[in-house]
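Colleague: Any chance you can model this:
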Amino acid sequence: MTPLPFDLAELRCFVVLGETLHFGHAATRLSMTQPPLSRRIALLEQKLGVKLFERGRRSVNITPAGRYLLHEARLILRRAEDSAVETRLAAEGALGTLTIGFTSSVGYVLLPNLIALHHRRYPGTRFACKELLIDEQLRLLDSGALDIAIIRPPVDAERFDTRTLMRDRWALALPRGHALTRKRTVPLSALHEEPYIAWSPAAAYAHLSLEQVFQAAGVRPRTVVSMSLPPAILSMVRTGLGLALVPSAMASLGVPGVVLRPLDPAGIDPLILTLDSVMAWRRDNAQATVERLIETAAELEVSNLMLGA
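Modeller: Modelled structure (predicted):
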């Protein structure tokens, strides 16, 4: 590696002399005497092979080469100072990039609230968010390609630590004008033998969760089509093709032609209708940026920004 022609201490001496054009004043500002200041400037000129100052008996003038270096030296010193500050912030977790995986249903309320709160606390943090199915999130989290996954439980407690962020519930999605929209809550039995837009097995958590719900209630809807993404499911509902069960947080989508109604929990274990969203991270991930986000997630809970809190 080619050695640099100057160090930061030499540049500081040069900048102060360039601003004062007086060795005595410059030495005072630098808390040093004139002889070592003169030696440093002379050494810098020797390294660069150019004259930076014209020295007279009563005056010091900066040369054209010196004026150019003065501008560049100020930028170098400012960037060095900024780098030192940013390095400390990075070590504290206040600066850096977080790669976050999330399921589509948390992208409407939970994820925006979490990122907005964290950005207010740590404006130097950048976010790379990827909407992914749960199995893919867990695979990428395990490989280190994701720092954080926001998913549905269960989560392998041997590999990952978790924090519950949001508690939601299944809601019934109906096309506008459907007779059931006149009810404030709808019994699950209303779905029996009704045309139904199902969650495909690719959306494993939703698919298995709703199978458990229907089995517990003794309800068998008539599946017309299976989809894996919530917006596609709501679009099918809007056409009148069938009804669907979706997380109530999706009400914030405001899809035209679709109405969401809470399910009547009578006769059903409320836990079966509950949807938890958890933040998961690798247990061996000691990144400070991840630790700061975990702290923000705790504050999000305290601030009652969770759905259903």
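
Colleague: In three-state terms, label the spatially most central residue of the chain for me.
Modeller: Centroid-nearest residue in the chain: F127, 3.7 Å away (criterion: C-alpha atoms, centre = their mean). Three-state call for F127 (DSSP: H, G, I helix; E, B strand; the rest coil): strand.

Colleague: give the contact list for it.
Modeller: Residues in contact with F127 (C-beta atoms under 8 Å, 6 or more residues apart in numbering) are T97, L98, I100, I115, H119. Yep, even glycine has a C-beta here, placed from its N, CA and C like the rest.

Colleague: what do you get for A204?
Modeller: Counting by C-beta under 8 Å, 6+ apart, A204 has contacts L133, I134, D135.

Colleague: so which strand or helix has the last one?
Modeller: With elements taken from DSSP states H and E, the one containing D135 is helix 134-143.

Colleague: What separation do you get for A232 and A286?
Modeller: Going from A232 to A286 by C-beta to C-beta, to the nearest Å gives 39 Å.

Colleague: For the two, indicate the residue with more neighbours.
Modeller: Just comparing A232 and A286: by other C-beta atoms under 10 Å the higher neighbour count belongs to A232, 14 against 8.

Colleague: before we move on, the earlier item: list just the nearest of the contacts of F127 to S226.
Modeller: I100 (27.5 Å; C-beta to C-beta).

Colleague: Show me where the stretch 1-150 of the chain dips below the pLDDT cut-off.
Modeller: 1-4, 86, 89, 92, 95 (pLDDT under 70).

Colleague: That one: helices as residue ranges?
Modeller: Using DSSP state H, counting those that start in this stretch, the helices found in the stretch 1-150 of the chain span residues 8-20, 23-29, 34-48, 64-92, 110-121, 134-143.

Colleague: For the fourth one, list every residue counted as buried.
Modeller: Buried residues in helix 64-92, counted by 16 or more other C-beta atoms under 10 Å: G66, L69, L70, A73, L89.

Colleague: I'd like the distance between the spatially closest residue to the fourth one that is not a sequence neighbour and R39.
Modeller: It stands for A73. Nearest non-adjacent residue to A73, counting by C-beta to C-beta, 6 or more residues apart in numbering: L11, 4.6 Å away. Using C-beta to C-beta, L11 is found at 15 Å from R39.

Colleague: who has more neighbours, these two?
Modeller: Higher neighbour count among L11 and R39: L11, with 20 against 11, using other C-beta under 10 Å.

Colleague: tell me the contacts of that one?
Modeller: L44, A73, I76, L77.

Colleague: I294 now?
Modeller: So I294 contacts R163, M279, W281 (C-beta under 8 Å, 6+ apart).

Colleague: phi, psi of the last one?
Modeller: Taking degrees, to the nearest 10, you get phi -150, psi 160 for the backbone angles of W281.

Colleague: Count the neighbours of it for me.
Modeller: 20.

Colleague: Who is it paired with across the strands?
Modeller: D161 (DSSP bridges).

Colleague: What separation do you get for it and R74?
Modeller: 42 Å.

Colleague: likewise T181?
Modeller: From T181 to R74 the distance is 67 Å (C-beta to C-beta).

Colleague: do A94 as well
Modeller: Relative to R74, and taking C-beta to C-beta, A94 is found at 26 Å.

Colleague: Verify the contact between R292 and A91 for me.
Modeller: No: when contacts are counted by C-beta atoms under 8 Å, R292 is not listed as touching A91 (11.4 Å).

Colleague: Next one: R139 from L111, what distance?
Modeller: For R139 relative to L111 (C-beta to C-beta), the value is 20 Å.

Colleague: Looking at the two, which has the bigger crowd around it?
Modeller: Between R139 and L111, counted using other C-beta under 10 Å, the more crowded position is L111 (22 against 15).
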